[in-house]
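Only the shape, not the letters, is given here:
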């Protein structure tokens with residue numbers, strides 16, 4: 001049995017926990033805590049403080065372990081721990097919040113520095129009326145053409161599956177070369 005560790009990262013409220021919940025075959029192990037900051041509480045009620053964990057059995061030979069990172073910088077000490085042993089990562093971007101794009105790019109660069117593994121960028125919340133298109137996000141985030149930047153709706157299992165399959169294909173390509 002082959003196991004593949006994937007990390008799901010991105011800024012606060014970009015959809016990491018929802019992404020993992022949409023696809024995991026087990027109940028997601030979550031370390032969410034109630035938000036006490038007034039500004040953050042306006043966005044959502046709870047935030048991940050250590051990690052989220054989910055699992056998907058692809059077939060008899062392959063299991064994916066999904067580790068979601070906290071999105072807030074005050075918990076970034078967990079990022080390097082979660083990155084250890086990962087074979088690839090997904091950077092979630094809230095397509096409807098351009099004010100988070102710089103943070104998403106910074107997180108992307110941080111994870112690239114931890115490990116030179118394949119990654120994809122998920123342009124989340126594509127169902128939102130204010131969502132930027134994947135093409136516009138590529139320009140805004142200065143993402144190279146060879147990097148997969150995929151439209152995503154974290155609440156939609158098929159959308160999440162597509163993002164994970166694209167990352168898995170990239171990981172398998174790298175393992176074969």
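That came through fine. All figures in this text were calculated on a predicted structure; none of them were measured in a lab.

Spatially central residue in the protein, please.
Compute the mean C-alpha point of the chain, and by C-alpha atoms, centre = their mean the closest residue is residue 8, 3.0 Å away.

mind listing what's buried in the helix or strand hosting that one?
Using DSSP states H and E, residue 8 falls within strand 2-9. The neighbour-count check on strand 2-9 (16 or more other C-beta atoms under 10 Å) flags 4, 5, 6, 7, 8, 9 as buried. (Each C-beta comes from the backbone N, C-alpha and C, glycine too.)

Give me the contacts around that strand.
In this structure, residues lying in contact with strand 2-9 by C-beta atoms under 8 Å, 6 or more residues apart in numbering are 16, 19-20, 52, 61-69, 71, 79, 82-83, 85-92, 107, 111, 164, 167-168, 171.

and it, which strands flank it?
Partners of strand 2-9 in the sheet, by DSSP bridges, are strand 62-68 (parallel), strand 88-94 (parallel).

Contacts made by the last one with the rest, please.
Among residues not part of strand 88-94, those counted as contacts by C-beta under 8 Å, 6+ apart are 4, 6-11, 13-16, 19, 83, 100-101, 104, 107-108, 111, 117-125, 137, 141, 152, 154, 163-164, 167-168, 170-171.

List only those of those flagged as buried.
Buried members of these, counted by 16+ other C-beta under 10 Å: 4, 6-11, 13-16, 19, 83, 100-101, 104, 107-108, 111, 117-125, 137, 141, 152, 154, 163-164, 167-168, 170-171.

Report pLDDT for the nearest residue in space to residue 157 that is not next to it in sequence.
Nearest residue to residue 157, sequence neighbours excluded (C-beta to C-beta, 6 or more residues apart in numbering): residue 22, at 5.0 Å. pLDDT for residue 22: 96.

This completes my enquiry, with thanks.
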